[in-house]
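Enquirer: next comes the sequence, and after it the predicted model I'd like to discuss.
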Amino acid sequence: MIDVVRTNCHYCTDMERDVLRKPQMSKYLGEKFIPVKINLDKETLPLGLKVHFTPTFIFVDKDENILKKIPGSWSEKDFKELTTAIK
């Protein structure tokens, strides 16, 4: 799971604080994915990936296939629902 952010993105900050840092969500994501955060102000996206805004979550399998892109900031419940079917 690639978490694409920018330094001054308040939606990114909100998502980090209100969803990703929650103990249950953090545990769930760590068990299901390998979370990697990329700050576009400091790094470039791998695999020729592009995003239109931040935050965007990109799910890539071991063969570098894009499984799903989830743009935007979500509630904990909605984000979990959006990621449940990703394998």
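Expert: Yep, it's here. This is a predicted model, so every value here is computed, not measured.

Enquirer: CA atoms only: put stretch 51-62 into PDB for me.
Expert: Provided in PDB are the C-alpha atoms of stretch 51-62 (Å, rounded to 0.1, in the frame of the first residue of the first chain):
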ATOM      1  CA  VAL A  51      -1.800  10.800  -8.900                       C
ATOM      2  CA  HIS A  52      -4.000  13.800  -9.400                       C
ATOM      3  CA  PHE A  53      -4.200  14.800  -5.700                       C
ATOM      4  CA  THR A  54      -3.300  13.700  -2.200                       C
ATOM      5  CA  PRO A  55      -3.800  11.700  -0.300                       C
ATOM      6  CA  THR A  56      -4.000   8.800  -2.700                       C
ATOM      7  CA  PHE A  57      -3.600   5.200  -1.700                       C
ATOM      8  CA  ILE A  58      -2.200   2.800  -4.300                       C
ATOM      9  CA  PHE A  59      -2.300  -0.900  -3.800                       C
ATOM     10  CA  VAL A  60       0.300  -2.900  -5.800                       C
ATOM     11  CA  ASP A  61       0.900  -6.600  -5.700                       C
ATOM     12  CA  LYS A  62       4.300  -8.400  -5.700                       C
END
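
Enquirer: could you give me the average pLDDT of it?
Expert: Averaged over stretch 51-62, pLDDT sits at 97.

Enquirer: and that stretch, how far out from the chain middle?
Expert: Distance of stretch 51-62 from its chain centroid, counting by C-alpha atoms, centre = their mean, to the nearest Å, is 6 Å.

Enquirer: quick one: contacts of that stretch?
Expert: 1-6, 9, 11-12, 15, 33, 40, 45, 47, 49, 66-73, 83, 86 (C-beta atoms under 8 Å, 6 or more residues apart in numbering). Every residue, glycine included, has its C-beta placed from N, CA and C.

Enquirer: among the residues you listed, which are in strands?
Expert: 2-5, 66-71 (DSSP state E).
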